[in-house]
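Novice: Sequence and computational prediction follow.
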Number of protein chains: 2
Amino acid sequence: MVMASPSLEPAQLGAYFALIEVSSLLRHAVEQQLRDAGDLSYVQFQLLARLGDSPTGSHRMTDLADGVVYSRSGLTYQAQMLEQRGLVTRAPSPDDERSITVAITDDGRAVLADVFPGHIALLHESFFDTLTPDDVEHLAGVLTRVRDRMRASPPRSAAPRRRKDAAPRSA
Amino acid sequence: MVMASPSLEPAQLGAYFALIEVSSLLRHAVEQQLRDAGDLSYVQFQLLARLGDSPTGSHRMTDLADGVVYSRSGLTYQAQMLEQRGLVTRAPSPDDERSITVAITDDGRAVLADVFPGHIALLHESFFDTLTPDDVEHLAGVLTRVRDRMRASPPRSAAPRRRKDAAPRSA
DNA sequence: TATTGTTATACTCTATAACTATA
DNA sequence: TATAGTTATAGAGTATAACAATA
């Protein structure tokens, strides 16, 4: 269990609330833009973007699940949606017959291209235009550090399946 | 159609991705903690916290909806959930018979008290412990500015009717 | 007529558990 | 046995539109 309540300092509280609110507003706005521009959910966009970023244009299901989605079945569902629309293909991996390699198609890249400009414009409007380059750099540094930390130590009870990582933090 | 993407600078991209990832991981972790500790969804927690913060312990439905960014029907649904558990009460507002005033109950405050320590502990573990006080302050400042900006200029979604909004002026 | 809130409904998404197949 | 992925299923949450009541 948790020990006593450590409480938060005002600046921490402010940072937390602002983070939650900003990400919530941003997410909402972005989801709408993605839906309008390419009929994509946010997760689907993330998957496509990740595939598009890859040198090979492909990833194994597991890699995608680790990066984006939280359960494997959830990823299967989203991959099926994308496959039905012809935005990705799925094929057994050559080296490991258990794995499925998901690859973005030309249509997938086209949708990505349709969606990107508005996506980036939205980010500028609602986000970057209010920040100095210095702010952005600092923000990137700080959040990257937090992300790495969070990735490194999963929160107490993350067992979407079988986990073999050593005891997660515990007190 | 816009031609090439307006593009983002590397630091901007890093900041954006990190923000998305951090908020996603954080949200996930927090949701699990809230579920475990008080059987609350994140939205329900936000509503209770907002009510608990209020001097009167109450808010009108509209105020809550504005604060948490959501459809009214969604808020009605959540308020019903909370009311069924006895964590809030709903009664017509005295001054305006159309309005409903939602008030947190003692049970509601108790649940909030159950949940807070773990909530704050989680924030420390996954977030604040990796940041210097200076980081936190800067983060709070930056994100608050972004939030105010986003609140001030709703993202083109003000008109739910009409057609979908096409290319934003990205230049 | 405009606003406040509810209801009915349909849909998307996510997670759990059971299952198959390969390493 | 452990890993990769799918399927079946069930539940939570959300949005839209139609509706009632008050201002």
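Specialist: Ah, there it is.
Novice: Show the pLDDT at the closest residue to A:Leu123 other than its chain neighbours.
Specialist: Distances taken as C-beta to C-beta, 6 or more residues apart in numbering or on different chains place B:Tyr16 nearest to A:Leu123, at 6.1 Å, with adjacent residues excluded. Any C-beta I mention is one placed from the backbone N, CA and C, and that applies to glycine too. At B:Tyr16, the pLDDT value in this model is 88.
Novice: Packing partners of the helix or strand encompassing B:Tyr16?
Specialist: Assigned by DSSP states H and E, B:Tyr16 belongs to helix B:10-38. On a contact count with 3 or more C-beta pairs under 8 Å, 6 or more residues apart in numbering or on different chains; DSSP states H and E, helix B:10-38 meets helix A:10-38, helix A:133-152, helix B:42-53, helix B:106-126.
Novice: Next, the buried residues of the first one.
Specialist: Of the residues in helix A:10-38, those buried under the neighbour-count criterion (16 or more other C-beta atoms under 10 Å in any protein chain shown) are A:11-12, A:14-30, A:32-34, A:36-38.
Novice: and if you look at the second one?
Specialist: Residues of helix A:133-152 classed as buried: A:135-140, A:142-144, A:146-147, A:149-150 (neighbour count, 16+ other C-beta under 10 Å).
Novice: quick one: contacts for the nearest residue to A:Ile20 once chain neighbours are set aside?
Specialist: For A:Ile20, ignoring the flanking residues on the chain, the nearest one in space by C-beta to C-beta, 6+ apart is B:Ser23 at 7.3 Å. When contacts are counted by C-beta atoms under 8 Å, 6 or more residues apart in numbering or on different chains, B:Ser23 touches A:Leu19, A:Ile20, A:Ser23, A:Arg27.
Novice: can you rerun that using 10 Å?
Specialist: A:Leu19, A:Ile20, A:Val22, A:Ser23, A:Ser24, A:Leu26, A:Arg27, A:Leu143, A:Arg147 (C-beta atoms under 10 Å, 6 or more residues apart in numbering or on different chains).
Novice: for those residues, which one is nearest B:Arg50?
Specialist: Nearest to B:Arg50 among the contacts of B:Ser23: A:Ile20, at 12.1 Å, using C-beta to C-beta.
Novice: Same list (the helices and strands packed on helix B:10-38) but as a markdown table, adding distance to B:Asp95.
Specialist: Below are the helices and strands packed on helix B:10-38 laid out as a markdown table (distance: least, C-beta to C-beta, whole Å):
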| stretch | distance to B:Asp95 |
| --- | --- |
| helix A:10-38 | 29 |
| helix A:133-152 | 43 |
| helix B:42-53 | 19 |
| helix B:106-126 | 23 |
